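Visitor: coordinates only, no sequence provided:
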RNA sequence: GUGGCUAUGGUGUAAUGGUAGCACGGAAGAUUGUGGUUCUUUUAGUACGAGUUCAAAUCUCGUUAGCCACCCCA
């Protein structure tokens, strides 16, 4: 086997495509019913789009990005996530001038050069949504409600929405300072990773899995204590709204996101059946990002779902239900007529899949092929039929065959299918 | 990125260092124009590269890839 797909990048084969298409279709319908419209941004961006927004000390930026130079020595990066490019686009095209509030969704491949595992690829796919232009807790509530409903629509049941608030930029900084101070005192008993985290990304110490670190974190100052009054109010109202609208969530004080741009509300959706990579989605508020990109002060919330992980959590796969017809032909003359008849059936019945023989195979093997493709009926066209200008239609289930005029084949098929 | 486990036809599996076999799948056929069951035939493999040995799927090393844990994350 000489050629292989690049490590961590997978082909989605025909046998698996149905679930992908179904997921995409369902997500589109659901998101559009909430007033979201799709946005498509390029896969390549100027590297600084990500370094500035995600944070240049975060792991995503320091070791996981596919970054390279183009022929003119510009540093380009394959998008590791969807929010930063959207905000870039939002500011570039001054979309804040078009409408005060914009609801956007996207779906497509993202790239991160991590060590692949189950549920973790280097090219993976996300579905995401962003509400740009609202500071209100209600935007947070609606987006969480929406994602929760959509996951249920996908057929996922036992997911958990973890919820926390990091507070506004000031709160976040104050909290980081407080935490840093506290951890410095305990530094000697922390694990190696956490020691570097104190310098690079203090908040992450809170969700370290090391036992002593967990204990240290338990008595550390929590995010909730350092929220300013408006932030606390925002968070309380959000929780209240979710409770009243019966969206289940779990307040998780040590939930911290890995991307620097998050402020205020953060949430993470996990699914227990997925093992190590159990986060199927995550999101939060990023109120200063639009401004960081040079736009106006704009509140925004969003989330992203990992499609591969959702598929792993799904139990049943949907099956295609379109009826199938197979046009079996024998001889050159019949082949031509067969192609024409197939065309006619397709035109009159757009919801039917019509196969024709493309190999000049024997009738036997054409029948076999028809069966393999789950054909409901076969139109047989051979020399005998041509002589009398008729075609034979065989109902595969009942084995009944009828002889009909060439012109009326589509009509007869309609009768059999019951359309 | 670190550590561990693994690698045999398309898929799932077998082979004390000594003939790579089985099942499923694919293809063709079973008196020449009719599918699903059955039967026959056929197809296709030791991930890659070195080494040890008379002899390697099997032992050693390297590479690559997958899985698991960590890291991180969707």
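Guide: It's in. From a predicted model like this one, the values you see are computed outputs, not experimental measurements.
Visitor: anything in the host helix or strand of residue A:268 near RNA strand B?
Guide: If you go by DSSP states H and E, residue A:268 is part of strand A:263-270. Yes. Applying Cβ under 7 Å from any atom of the strand, one finds strand A:263-270 in contact with RNA strand B at A:268, A:269. For the C-beta atoms, the positions are set from N, CA and C on the backbone; glycine is no exception.
Visitor: mind listing what that strand pairs with, with the direction of each?
Guide: Here strand A:263-270 is paired, per DSSP bridges, with strand A:160-165 (antiparallel), strand A:279-285 (antiparallel).
Visitor: quick check: the closest residue to residue A:74 other than its chain neighbours vs RNA strand B, distance?
Guide: Leaving out its chain neighbours, the residue that sits closest to residue A:74 by Cβ to Cβ, 6 or more residues apart in numbering is residue A:46, at 7.0 Å. From residue A:46 across to RNA strand B, the span is 20 Å (Cβ to the nearest atom of the strand, to the nearest Å).
Visitor: beta-bridge partners for residue A:46, please?
Guide: Per DSSP bridges, the residues bridged to residue A:46 are residue A:76.
Visitor: contacts only, for it.
Guide: By Cβ atoms under 8 Å, 6 or more residues apart in numbering, the contact list for residue A:46 reads A:74, A:75, A:76, A:77.
Visitor: separate out the buried members of these.
Guide: A:76, A:77 (16 or more other Cβ atoms under 10 Å).
Visitor: now flag whichever of the contacts of residue A:46 is closest to residue A:341.
Guide: residue A:76 (51.5 Å; Cβ to Cβ).
Visitor: follow-up on the earlier one: figure out which of the strands paired with strand A:263-270 is closest to residue A:232.
Guide: The nearest among those, by Cβ to Cβ, is strand A:160-165 at 7.9 Å.
Visitor: next secondary structure after that closest one?
Guide: Strand A:160-165 is succeeded, C-terminally, by helix A:169-186 (DSSP H and E).
Visitor: the helix or strand hosting residue A:88: what's the following helix or strand?
Guide: According to DSSP H and E, residue A:88 maps onto helix A:83-92. Past helix A:83-92, heading to the C-terminal end, the next element that is a helix or strand (DSSP H and E) is strand A:102-111.
Visitor: enumerate the positions of that next one that are buried.
Guide: Buried, per 16+ other Cβ under 10 Å, within strand A:102-111: A:102, A:103, A:104, A:105, A:106, A:107, A:108, A:110, A:111.
Visitor: what about the closest residue in space to the last one that isn't next to it in sequence, distance to residue A:65?
Guide: Spelled out, that is residue A:111. Excluding its sequence neighbours, the residue lying closest to residue A:111 (Cβ to Cβ, 6+ apart) is residue A:78, at 4.1 Å. Using Cβ to Cβ, to the nearest Å, we find residue A:78 at a distance of 7 Å from residue A:65.
Visitor: kindly report the same for residue A:142.
Guide: Residue A:142 is 32 Å from residue A:65, by Cβ to Cβ.
Visitor: list the contacts for the closest residue to residue A:285 other than its chain neighbours?
Guide: Counting by Cβ to Cβ, 6+ apart, residue A:264 is the residue found nearest to residue A:285 once chain neighbours are left out, at 3.9 Å. Residues in contact with residue A:264, defined by Cβ under 8 Å, 6+ apart, are A:140, A:165, A:166, A:167, A:168, A:231, A:234, A:235, A:284, A:285, A:287.
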